[in-house]
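Asker: return atomic coordinates for the entry below.
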Amino acid sequence: MELQSMQFYRHYSSDKQLPEIEQLILLNKYRETGDRQLLFKIADSFILFIAKIVLRFTRDDDNLSDLMQEGYLSVVSALPRYSENQ
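Answerer: Residues are numbered from 1 along each chain as shown. The predicted structure is shown next:
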């Protein structure tokens, strides 16, 4: 029997990843326009990365969704502070 956590990982491993240059273009557009949908589009491209990290911490199916949400919100809140120069 396959663990729900593995199904979870497969669910979030779709091709939402964006090339780094496209992420930077969207981030710059966000800074110009303030359109939060652009931040969500960038954050969506980190879903696979977030899922990999979450699965390092837990295989408990009850915690997976909560940790994914925390990871996603952390990425969304960090993106406006990101600087290519640092």
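Asker: how many neighbours does residue 78 have?
Answerer: Residue 78 has 12 neighbouring residues, counting by other CB atoms under 10 Å. The way it works is simple: take the backbone N, C-alpha and C, and place the C-beta from them, glycine included.
Asker: next, the buried residues of stretch 31-48.
Answerer: Of all the residues in stretch 31-48, those buried under the rule 16 or more other CB atoms under 10 Å are 38, 39, 41, 42, 43, 44, 45, 46, 47, 48.
Asker: secondary structure element for the second one?
Answerer: Just to be clear, that refers to residue 39. Here residue 39 sits within helix 36-44, counting by DSSP states H and E.
Asker: any low-confidence regions in this protein?
Answerer: Scanning the chain for pLDDT under 70 picks out 1-16.
Asker: and the helices in it?
Answerer: 4-11, 20-33, 36-44, 47-57, 61-78 (DSSP state H).
Asker: to residue 85, which of those helices lies closest?
Answerer: Taking CB to CB, helix 20-33 is the member of the helices of the chain nearest to residue 85, at 11.7 Å.
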